[in-house]
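K.L.:
Predicted model follows, preceded by the sequence.
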Amino acid sequence: MSIPAQRRTFAIISHPDAGKTTLTEKLLLFGGAIHAAGEVRARGQNRRARSDWMKIEQARGISVTSSVMTFERGGIVFNLLDTPGHEDFSEDTYRTLTAVDSAVMVIDAARGIEAQTRKLFEVCRLRDVPIITFINKVDREGRDPFELLDEVSDMLALDVAPLNWPAGMGGEFKGLYDLRTHEFLRPDGTGTNAAGETVQTGGLDDPQIDALCGPIAQRLRDQAELALGGYATLDAELYRKGALTPVLFGSALKDFGVEALIDALAEFAPSPRPQPAQRNGEAVAIDPGDPQVSGFVFKVQANMNPQHRDRIAFLRIASGKFRRGMKLRQVATGKAIAINSPIFFFAQDREIADEAFAGDIIGIPNHGVLRVGDSLVEKDDVSFTGIPNFAPEILRRVRLGDPTKSKQLRTALTDMAEEGVTQLFKPVIGSQWIVGVVGQLQLEVLISRLEAEYRVAASFEASPYETARWISGEPAEVKRFIEDNRPAMAEDRDGAPVFMARDNWELNYVTQRETAIRFSATRERA
Ligand code: G4P
């Protein structure tokens with residue numbers, strides 16, 4: 001197997017409380033990356049305690065930042081990218097999903113598909129990211145397994161292929177029956193972190209099933225027969241195309257089905273996929289086997305070390321074999337950047353990365369050079385596509401409490417725009433910056449970080465504008481449009497022209513009238 005073929009780069013998507021943190025922890029335990037349950041959470045709390053602004057996360061019980069965790073099992077390297085689980089749609093989450101090859105969707109067996117799961121699923125579908133479904137918490141009373149599978153199938157328009165079946169749930173739970181191998185995994189009774197005991201049966205008719213399941217043996221037989229006859233069998237191709245989801249029942253808390261999930265990822269989940277890019281204005285796909293190193297920045301995170309205001313850019317390697325000390329060119333600026341201290345992330349540790357391959361994520365410490373959407377290349381002249389900024393849905397004027405702090409304010413806003421937390425617009429007329437965000441939460445994060453990190457007290461006032469679009473077209477037309485609409489025009493941080501509209505009605509009116517101008521709701525880094 002080639003080295004990229006041994007990589008599985010994936011994310012977990014779920015609604016808050018479905019069990020993402022618990023499952024992450026168990027995956028890391030099985031992968032040998034941590035040694036005791038509770039370490040992921042403990043680490044989270046320590047990290048939070050260190051950093052003031054993250055109080056907002058605690059207060060709202062959410063995790064705003066996301067990170068990468070790598071573990072290895074059976075010769076396969078798993079890169080798990082954490083997606084923030086809060087309710088506001090976040091650009092960060094979207095872009096994290098651009099950097100994975102597959103996803104695991106965790107569903108609470110008592111609740112089925114919930115709002116956030118669905119939203120994240122739609123993002124995965126947009127990019128054809130294949131999904132394995134994990135129906136969690138079977139150790140508790142849950143909904144009927146058929147009802148849950150039908151809900152996944154109907155709501156998400158996906159074929160479902162159950163890989164195992166729960167013998168009862170909650171108080172009745174006797175174990176999990178593997179529909180393909182006929183293995184039966186039963187609790188061994190030693191408590192929380194016991195993966196249980198596997199019994200090889202000869203199939204559903206095997207009398208061992210009666211011994212294992214007691215009074216519910218017949219129910220398991222009936223249900224499993226029905227499931228085998230009524231649902232699709234696993235077709236790896238359909239799964240990789242995003243048309244079918246393999247489904248595993250399990251309990252992250254009790255370690256049930258977690259190992260089967262890792263095995264399913266290893267067996268079916270795609271290795272690094274070709275990444276969409278442009279070369280000389282033409283759409284191309286960069287193959288992971290391409291010997292030239294290339295990659296893209298999907299996230300920039302500040303505060304990883306609160307002592308220094310360092311920022312880490314997360315680079316997904318798209319092709320080639322990266323070696324420490326290599327010089328890569330930032331396509332947007334043409335600048336050569338020597339990557340001397342690239343970082344790998346493990347559950348609790350970071351390590352200097354001496355080499356990395358397609359599918360891997362490396363952290364690059366830098367001071368504002370690298371930005372979200374940046375492409376880094378060894379020689380080739382490609383830029384990766386599909387890592388956009390989104391047109392803001394909330395626009396606010398920034399008002400400074402203390403006018404002597406305007407320089408700090410500028411730095412802070414620029415820093416955070418570089419991280420992709422907010423966007424910054426400079427109106428053509430007037431000097432007050434306008435901050436744009438996609439969701440309310442981003443605004444709260446911004447205010448609390450301005451105070452905690454930059455000691456700047458700022459407030460936000462409503463701006464007359466509600467929405468914005470990047471404009472493009474023939475230079476003469478663009479120039480004319482800007483002149484005609486000066487009060488509503490601004491520039492983004494790259495100097496790209498942005499039209500701000502008071503409401504959707506105005507936006508529609510202008511876009512329909514101005515046929516020579518293209519209005520875009522997203523913009524990608526060059
Ligand atoms: P999240 O990251 O998706 O938000 O969920 P998290 O893992 O924090 O789990 C949410 C709650 O569900 C936690 O309980 C967790 O223990 C519980 N949970 C997760 N997986 C299972 C499972 O397989 N079975 C059962 N019965 N419970 C599960 P909590 O009481 O909110 O937190 P804690 O006090 O247990 O930490």
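P.N.:
Yep, it's here. Numbers count the residues shown, from 1 in each chain.
K.L.:
For Gly436, what are phi and psi?
P.N.:
According to degrees, to the nearest 10, the main-chain angles of Gly436 amount to phi -120, psi 140.
K.L.:
Show me what it is bridged to.
P.N.:
Here Gly436 sits in beta bridges with Leu395, Gln423, going by DSSP bridges.
K.L.:
Relative to Met489, how far out is Gly420?
P.N.:
In this structure, Gly420 and Met489 are separated by 23 Å, where distance is defined by CB to CB, to the nearest Å. For every residue, glycine as well, the C-beta is placed using N, CA and C.
K.L.:
Mind checking which of those two has more residues around it?
P.N.:
Taking other CB atoms under 10 Å, Gly420 and Met489 do not tie; Gly420 has more neighbours (23 against 20).
K.L.:
show me what contacts that one?
P.N.:
Contact analysis of Gly420 by CB atoms under 8 Å, 6 or more residues apart in numbering lists 91-92, 95, 299-300, 371-372, 389.
K.L.:
and which of those is nearest Ala252?
P.N.:
Nearest to Ala252 among the contacts of Gly420, counting by CB to CB, is Asp92 at 23.9 Å.
K.L.:
what's the distance between the closest one and the ligand?
P.N.:
Here Asp92 is placed at a distance of 17 Å from the ligand (CB to the nearest ligand atom, to the nearest Å).
K.L.:
mind checking how far Gly250 is from Ala264?
P.N.:
Computed as CB to CB, the Gly250 to Ala264 distance reads 11 Å.
K.L.:
show me the contacts for Phe146.
P.N.:
Contacts for Phe146 (CB under 8 Å, 6+ apart) come out as 223, 226-227.
K.L.:
could you redo the last one with a cut-off of 6 Å?
P.N.:
Remark: with contacts taken as CB atoms under 6 Å, 6 or more residues apart in numbering, Phe146 is in contact with nothing.
K.L.:
and it, which of the three is it?
P.N.:
Reduced to three states with DSSP: H, G, I helix; E, B strand; the rest coil, the structure at Phe146 is helix.
K.L.:
how much space between the closest residue in space to Gln208 that isn't next to it in sequence and the ligand?
P.N.:
For Gln208, ignoring the flanking residues on the chain, the nearest one in space by CB to CB, 6 or more residues apart in numbering is Thr201 at 4.9 Å. Spatial separation of Thr201 from the ligand under the definition CB to the nearest ligand atom is 24 Å.
K.L.:
tell me the phi and psi of Thr201?
P.N.:
Here the main-chain torsion angles of Thr201 (degrees, to the nearest 10) amount to phi -110, psi 170.
K.L.:
from what I can see it touches Glu183, true?
P.N.:
No. Shown here, Thr201 and Glu183 do not form a contact pair, counting by CB atoms under 6 Å, at 7.0 Å.
K.L.:
circling back: quick one, which of the contacts of Gly420 are buried?
P.N.:
Under a neighbour-count criterion of 16 or more other CB atoms under 10 Å, the subset of these counted as buried comprises 91-92, 95, 299-300, 371-372, 389.
K.L.:
Identify the residues contacting Val106.
P.N.:
Val106 makes contacts with 12, 14, 18-20, 23, 134, 136, as judged by CB under 6 Å, 6+ apart.
K.L.:
Could you check how many residues crowd around Arg396?
P.N.:
By other CB under 10 Å, the residues close to Arg396 number 20.
K.L.:
go on, Ile362?
P.N.:
Using other CB under 10 Å, Ile362 has 24 other residues around it.
K.L.:
swap in Ile317?
P.N.:
By the other CB under 10 Å criterion, the neighbourhood of Ile317 contains 28 residues.
K.L.:
In the sheet, which residues pair with it? Tell me.
P.N.:
With DSSP bridges as the criterion, the beta-bridge partners of Ile317 are Gly295.
K.L.:
Show me the strands in the stretch 301-450 of the chain, by range?
P.N.:
Counting by DSSP state E, counting those that start in this stretch, residue ranges of the strands within the stretch 301-450 of the chain are 311-319, 321-323, 327-330, 336-338, 343-345, 350-352, 355-357, 361-366, 375-377, 382-384, 389-390, 394-400, 423-427, 434-437.
K.L.:
The ligand is nearest to which of these?
P.N.:
The closest of these to the ligand is strand 343-345. By CB to the nearest ligand atom, the value is 18.4 Å.
K.L.:
what sits up against that closest one?
P.N.:
Strand 343-345 has contacts (CB under 6 Å, 6+ apart) with 68, 350-351, 353, 363.
K.L.:
what's Phe134 in contact with, if anything?
P.N.:
104, 106, 248, 261.
K.L.:
For this protein, identify the residue most remote from the centre.
P.N.:
Pro207 (45.0 Å; CA atoms, centre = their mean).
K.L.:
can you count the residues close to Arg140?
P.N.:
16.
K.L.:
secondary structure class for it?
P.N.:
Per three-state DSSP, Arg140 ends up coil.
K.L.:
what residues are up against it?
P.N.:
For Arg140, the residues meeting the contact criterion (CB under 6 Å, 6+ apart) are Gly170.
K.L.:
any chance you could read off phi and psi for it?
P.N.:
In this entry, Arg140 is assigned phi and psi values of phi -110, psi 160 (degrees, to the nearest 10).
K.L.:
Could you report the pLDDT at it?
P.N.:
The confidence metric pLDDT takes the value 95 at Arg140.
K.L.:
and the gap between His215 and Gly142?
P.N.:
Rather than His, residue 215 is Pro. For Pro215, the distance to Gly142 (CB to CB) stands at 19 Å.
K.L.:
Looking at the two, which is more packed in?
P.N.:
Taking Pro215 and Gly142 together and counting by other CB under 10 Å, Gly142 has the greater number of neighbours (24 against 10).
K.L.:
wouldn't the more buried one be in contact with Asp108 here?
P.N.:
No. With contact taken as CB under 6 Å, Gly142 and Asp108 are classed as non-touching, separated by 7.8 Å.
K.L.:
Take the buried ones among the contacts of Gly420 and lay them out in TSV including pLDDT.
P.N.:
What follows is the buried ones among the contacts of Gly420, written out as TSV (pLDDT from 0 to 100):
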residue	pLDDT
Glu91	71
Asp92	74
Arg95	83
Lys299	86
Val300	84
Arg371	86
Val372	86
Asn389	72
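K.L.:
avg pLDDT for stretch 107-119?
P.N.:
pLDDT averaged over stretch 107-119 equals 91, rounded to a whole number.
K.L.:
meant to ask about stretch 311-319
P.N.:
For stretch 311-319, mean pLDDT is 91.
K.L.:
Over to the closest residue to Glu524 other than its chain neighbours: give its phi and psi.
P.N.:
For Glu524, the nearest residue in space outside its immediate sequence neighbours is Pro388; the separation is 5.1 Å by CB to CB, 6+ apart. Reported as degrees, to the nearest 10, the phi and psi values for Pro388 are phi -80, psi 160.
K.L.:
in the stretch 1-150 of the chain, which spans are strands?
P.N.:
Shown for the stretch 1-150 of the chain, the strands assigned by DSSP E, counting those that start in this stretch span residues 7-14, 68-73, 76-81, 102-108, 131-136.
K.L.:
tell me the most buried of those strands?
P.N.:
Among those, the stretch with the highest mean neighbour count (mean count of other CB atoms under 10 Å) is strand 131-136, at a mean of 26.
K.L.:
what packs against the helix or strand Lys299 falls within?
P.N.:
With the criterion set as DSSP states H and E, the secondary-structure element containing Lys299 is strand 294-302. In this structure, strand 294-302 packs against strand 311-319, strand 375-377, with contacts taken as 3 or more CB pairs under 6 Å, 6 or more residues apart in numbering; DSSP states H and E.
K.L.:
That's all I had, so thanks and see you.
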